[in-house]
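**Student:** below is the sequence, then the predicted model.
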Amino acid sequence: MMKCTKIDLPQQRSIKTPTGNKSKRSEGCGCAGIFSRLDNSLPCSSPSKMAMRFGNLPAWASEISDSIRELVLLNDPGLDPMNSGTYYGAEEECAFPSDLLWREPLFDQLIVNAYQPGEGICAHVDLMRFEDGIAIVSLESSCVMHFTKVGQPHCDAANGGKSHPPTTRIPVYMTPGSLVLISGEARYSWKHEINRKPGFQIWEGQELNQRRRISGLYFI
Ligand SMILES: O=C(O)CCC(=O)C(=O)O
Ligand SMILES: [Fe+2]
């Protein structure tokens with residue numbers, strides 16, 4: 001079963017992107033960098049601006065990380081907020097790996113992406129150096145993220161969006177202020193993609209109006 005859960009945040013929060021010098025990505029050092037995504041980690045379309053923070057997150061980001069845990073707890077009757085580490089539901093129903101949910105801090109790695117209209121991100125599986133359990137906070141502009149199973153033929157604009165055999169594409173509508181949690185099969189066996197080229201952002205038959213979009217990706 002593919003486990004991707006969308007939760008609407010109780011109130012919209014604003015995310016301030018950390019500032020920093022251009023820096024190469026390194027882990028566990030509490031360092032930050034802002035640069036254009038020309039790092040070749042993605043072969044095609046990607047946001048023109050991104051900021052990364054590895055190691056201790058700044059206070060504003062830790063606050064959001066704590067809120068993500070609270071939301072997971074509130075939305076999952078199988079989790080007992082008073083009894084950390086105990087899970088009473090069916091494990092596959094938990095929106096987040098329940099063994100990781102009690103980490104302190106829950107997340108310690110953050111990527112903030114800024115997309116201009118028309119910019120998206122090509123189909124990919126997030127790097128294996130990150131643990132299971134990824135949280136995406138979406139701000140400013142709605143968009144549709146599509147999930148396709150790893151190994152399925154890719155469909156793109158070049159062949160009129162068609163592929164043989166037909167590709168199963170699962171759309172997830174990300175509104176400003178929503179939280180999407182990706183774990184388990186959805187994290188490892190499905191690719192995710194946001195195609196914001198004209199004609200591709202359709203939800204309920206309507207093309208979405210595109211503005212700048214900001215996303216905050218929290219990783220363990
Ligand atoms: O912007 C998003 O919502 C997703 C970005 C993403 O998948 C990534 O940076 O790996
Ligand atoms: Fe990703």
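**Tutor:** Alright, I've got the coordinates. Numbers count the residues shown, from 1 in each chain. Ligands and ions are numbered 1, 2, ... in the order given.
**Student:** look up the closest residue to the residue of the chain found nearest ligand 1, ignoring the ones flanking it.
**Tutor:** For the chain, the nearest residue to ligand 1 under the criterion C-beta to the nearest ligand atom is Ser215, separated by 3.2 Å. The C-beta positions use only the backbone N, C-alpha and C, and glycine is treated the same way. The spatial neighbour of Ser215 that comes closest, neighbours along the chain excluded (C-beta to C-beta, 6 or more residues apart in numbering), is Asn113 at 4.8 Å.
**Student:** I'd guessed the one you found sits against Ser45; true?
**Tutor:** No. In this structure, Asn113 sits apart from Ser45 without contact. The criterion is C-beta atoms under 8 Å, and the distance is 11.8 Å.
**Student:** who touches both of these two?
**Tutor:** Common neighbours of Asn113 and Ser45, counting by C-beta atoms under 8 Å, 6 or more residues apart in numbering, are Ile121.
**Student:** so Leu73 is in which element?
**Tutor:** Take DSSP states H and E as the rule and Leu73 turns out to sit in helix 59-75.
**Student:** give the contact list for the spatially closest residue to Ser189 that is not a sequence neighbour.
**Tutor:** Leaving aside its chain neighbours, Ser189 sits nearest to Val150 (5.4 Å; criterion: C-beta to C-beta, 6+ apart). The neighbourhood of Val150, defined by C-beta under 8 Å, 6+ apart, consists of 125, 188-191.
**Student:** give me the buried entries from those.
**Tutor:** Buried subset of those (neighbour count, 16 or more other C-beta atoms under 10 Å): 190-191.
**Student:** and the furthest pair within the contacts of Val150?
**Tutor:** Tyr188 and Lys191 (10.2 Å; C-beta to C-beta).
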